[in-house]
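1. Structure for this input, please:
(one chain, ligands or ions: 1)
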Amino acid sequence: MEKYVIKGGKPLQGEVDISGAKNAAVAIIPAALMVDGVCRIENMPQISDTDMLLTILTHLGAEVKLINGSTIEIDSRNVKFSDAPFDLMRKIRASYYLIGAMLSRFGSAKTTMPGGCNFGVRPIDQHIKGMNALGADIEVRNGFVYAEAPDGRLHGAKIYLDKVSVGATMNIILAATLATGRTIIENAAREPHIVDLANFLNSMGADIRGAGTDTIKVNGVDKLHGGSYSIIPDQIEAGTYMVAAAATGGEVLIKNVIPKHLDCISAKLRETGTIVLEYEDSVLVKGNGNLRKANIKTLPYPGFPTDMQPQMGALLCMANGTSVITEGIYDNRFKYVNELRKMGADVQVDGRIAIFEGRAKLTGAPVMACDLRAGAAIVIAGLCASGTTEIEDIHFIERGYENFVGKLRALGADISIVDFPDEPDIHEKVIAIG
Ligand code: UD1
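-> I've put the predicted structure just below:
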């Protein structure tokens, strides 16, 4: 087992390159299954979520070649319908995109219910509603999703989403791309990775219009052809380094970003007194060591992203004054607060609202990464704390941050990965004692 060990108190300084967007990549990899040709994909983030999806594609018969660090080629010409490795599917949220992609390519799909971070109940009813509207029969049984297009192909339809859902919007786009006729998705999500998926598919011959607005039109095509595509930079990875720079009172140039995608994060950081300067494809963040309070409500794009909420929570523990964070997307996304409390933070949580009293002088402690972004938040707290912070369960963090430790070390952070012995669980201990 591995953990992060951080000796805090050093302001981050220097430059960091942002990798390709995780949430675009995890939809684009399943989308490559639908392409009758070779897709060359650049700016692919090297993280465990993309590794798992590429392994799943290989099991289905796709040929995956690493061209260089972040460029891969996927050849799906010889894929056949078969069971994908269910133990891998269960580990990631984005395995739900295999429903849309496999239905599109084969007219049927069998997947597990998706895994991913636990923020309370995360249903997929809107995905199912969309697939049903396109003519698929879907059954969820014993943790599996069975999907079938009775005549082998889906048919375009008008779908109104009851909830703004990133996953459902993208899954319906995938399913509708090779369907007959026109699909209209209303009340669609507008995140940058939705636009990126549509751009990827269009560059391979799809006809998708309106991505980035709340009405998306997909004119089904018979076939997709191979091509080249470069994934957009990761909004949340960039935002995490922005917050880390501000929280530590450092100065960091964050490169290879689309500043427009960071507007909501830049605006909140400016409210805290942080200087954020935007250039063509980079942002410079200068912390002043004297943070002001800010209130945040997470919302679908272009609102403040829920995936940046924990990192801002870590920062607001140390701001002057009382800040309120309202979580607008998930029922249970404040589990990281318990870990921050172990480091001296003063935070009260009531349902979807957390009140950060601020002015905390954080001190290092043994803590856990409870999920991907919670883990990033705890790393930020550790970078600011006096003394040593040890973070376990770092596999969550490695799902979504490429070379997190290497990039932070290059910015001057004192962080390392340390091996520690795997503790037998309580059941094994009892057996050992008995
Ligand atoms: C995606 C992101 C995740 C991010 C989230 C919101 C990926 C792989 N993950 O997750 O990092 O936190 O968007 O920006 O891209 N909902 C339903 N029924 C559904 C679908 C969703 O009730 O069928 C609810 C969810 O429980 C949640 C809200 O709608 O409360 C938004 O979820 P959604 O946008 O679908 O998030 P994900 O696609 O799971």
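2. Tell me the residues of the stretch 151-300 of the chain that contact the ligand?
-> The stretch 151-300 of the chain has residues 163, 165-168, 189 near the ligand, with proximity defined as CB under 6 Å from any ligand atom. C-beta coordinates here come from the backbone N, C-alpha and C atoms, glycine included.
3. What are the buried residues along stretch 181-188?
-> Of the residues in stretch 181-188, 183-185, 187-188 count as buried by neighbour count, 16 or more other CB atoms under 10 Å.
4. Would you check which pair of those residues lies furthest apart?
-> Farthest-apart pair in the buried residues of stretch 181-188 is 183 and 187; separation 13.8 Å (CB to CB).
5. related to what we said a few turns ago, adding secondary structure and pLDDT, write the residues of the stretch 151-300 of the chain next to the ligand out as TSV.
-> Shown next, in TSV, are these (DSSP: H, G, I helix; E, B strand; the rest coil; pLDDT from 0 to 100):
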residue	secondary structure	pLDDT
163	coil	94
165	coil	97
166	helix	97
167	helix	96
168	helix	97
189	coil	98
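6. With respect to residue 89, which of these is nearest?
-> Using CB to CB, those come closest to residue 89 at residue 167, 14.2 Å.
7. which residues does the closest one contact?
-> Residue 167 makes contact with 93-94, 96-97, 124, 127, according to CB atoms under 8 Å, 6 or more residues apart in numbering.
8. please redo it, this time with the cut-off set to 6 Å
-> If a contact means CB atoms under 6 Å, 6 or more residues apart in numbering, then residue 167 has residue 96 as its contacts.
9. got it, and residue 65?
-> Counted by CB under 6 Å, 6+ apart, residue 65 has contacts residue 73.
10. In terms of pLDDT, where does it sit?
-> At residue 65, the pLDDT value in this model is 96.
11. In strands only, show me the buried residues of stretch 181-188.
-> Using DSSP state E, the members of the buried residues of stretch 181-188 that fall within strands are 183-185.
12. Name every strand pairing with the helix or strand hosting residue 145 and say which way it goes.
-> Residue 145 is part of strand 144-148, with elements assigned from DSSP states H and E. Using DSSP bridges, strand 144-148 pairs in its sheet with strand 108-112 (antiparallel), strand 137-141 (antiparallel).
13. and among those, the most buried is which?
-> Among the strands paired with strand 144-148, the stretch with the highest mean neighbour count (mean count of other CB atoms under 10 Å) is strand 108-112, at a mean of 20.
14. What mean pLDDT does that one get?
-> For strand 108-112, mean pLDDT rounds to 89.
15. Would you mind listing the outside residues contacting whatever helix or strand comes next after that strand?
-> For strand 108-112, the succeeding helix or strand toward the C-terminus, using DSSP H and E, is helix 125-133. For helix 125-133, contacts defined as CB under 6 Å, 6+ apart pick out 96, 138, 157, 159, 161, 163, 165, 168, 171-172, 175.
16. Would you mind giving the orientation angle of helix 125-133 with respect to strand 144-148?
-> 20 degrees (axes from the mean of the first three to the mean of the last three CA atoms, to 10 degrees).
17. Return helix 125-133 as PDB; C-alpha atoms alone will do.
-> Taking C-alpha atoms only, helix 125-133 is exported to PDB below (Å, rounded to 0.1, in the frame of the first residue of the first chain):
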ATOM      1  CA  ASP A 125     -32.600   6.800 -14.500                       C
ATOM      2  CA  GLN A 126     -32.100   9.600 -17.000                       C
ATOM      3  CA  HIS A 127     -29.700   7.500 -19.000                       C
ATOM      4  CA  ILE A 128     -32.200   4.700 -19.100                       C
ATOM      5  CA  LYS A 129     -35.000   7.100 -20.000                       C
ATOM      6  CA  GLY A 130     -33.000   8.300 -22.900                       C
ATOM      7  CA  MET A 131     -32.100   4.800 -24.200                       C
ATOM      8  CA  ASN A 132     -35.700   3.800 -23.900                       C
ATOM      9  CA  ALA A 133     -36.800   6.800 -25.900                       C
END
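18. hmm, it touching the ligand?
-> Yes - using CB under 6 Å from any ligand atom, helix 125-133 reaches the ligand at 125-127.
19. ok, of those residues, which come out buried?
-> Using 16+ other CB under 10 Å as the burial test, the residues of helix 125-133 next to the ligand include 126-127 as buried.
20. now, which of the residues of helix 125-133 next to the ligand sits nearest residue 63?
-> For the residues of helix 125-133 next to the ligand, the nearest to residue 63 is residue 127 (28.2 Å; CB to CB).
21. any low-confidence regions in the stretch 151-300 of the chain?
-> The stretch 151-300 of the chain contains no residues with pLDDT under 70.
22. OK, now which residue of it is nearest to the ligand?
-> Closest approach between the stretch 151-300 of the chain and the ligand, counting by CB to the nearest ligand atom: residue 167, at 2.6 Å.
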